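Peer 1: with the sequence up front, the predicted model follows.
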Amino acid sequence: MQNEDGIWVESWTKTPASDEEIEERTTNKTIEVRQIRNKLLQETDWVSIKAKDDGEELATTKETEAQAKLNRALTALRTL
């Protein structure tokens with residue numbers, strides 16, 4: 001729509017989401033977060049799996065400590 005000066009303008013009307021829309025958005029976001037979590041778990045699982053397979057203690061470099069900490073945090077999100 002153009003205003004009185006001939007400038008194109010847009011306007012929106014804000015309406016609350018229905019229960020169904022909220023449920024759909026929540027479900028979609030849960031799936032998205034789960035996919036990200038699963039990808040990150042795959043990227044960090046090798047650290048603890050390798051140590052377990054080798055019958056060794058998990059190496060304690062800053063990198064592996066950070067990966068192990070991230071893995072524990074991601075594992076805690078498995079309830080999604």
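Peer 2: Okay, I see it.
Peer 1: every contact and neighbour count from this point should use C-alpha atoms.
Peer 2: OK.
Peer 1: neighbours of the residue nearest to residue 67 when sequence neighbours are not counted, how many?
Peer 2: Among residues not flanking residue 67 along the chain, residue 44 sits closest, at 5.6 Å (CA to CA, 6 or more residues apart in numbering). Per other CA atoms under 10 Å, the neighbour tally for residue 44 reads 20.
Peer 1: host element of the most centrally placed residue in the chain?
Peer 2: Most central in the chain under CA atoms, centre = their mean is residue 33, positioned 3.2 Å from the mean C-alpha point. Here residue 33 is covered by helix 19-54, with elements defined by DSSP states H and E.
Peer 1: any idea of the mean pLDDT in that helix?
Peer 2: Helix 19-54 carries an average pLDDT of 84.
Peer 1: any idea how far the very next helix or strand once past that helix is from the chain center?
Peer 2: Past helix 19-54, further along toward the C-terminus, the next helix or strand under DSSP H and E is helix 62-76. Average the C-alpha atoms of helix 62-76, do the same for its chain, and the two points are 15 Å apart (CA atoms, centre = their mean, to the nearest Å).
Peer 1: so which bits of helix 62-76 are buried?
Peer 2: 67, 68, 70, 71, 74 (16 or more other CA atoms under 10 Å).
Peer 1: so the residue nearest to residue 67 sits right up against residue 71, yeah?
Peer 2: Yes. A contact is recorded between residue 44 and residue 71 when judged using CA atoms under 8 Å, the distance being 5.9 Å.
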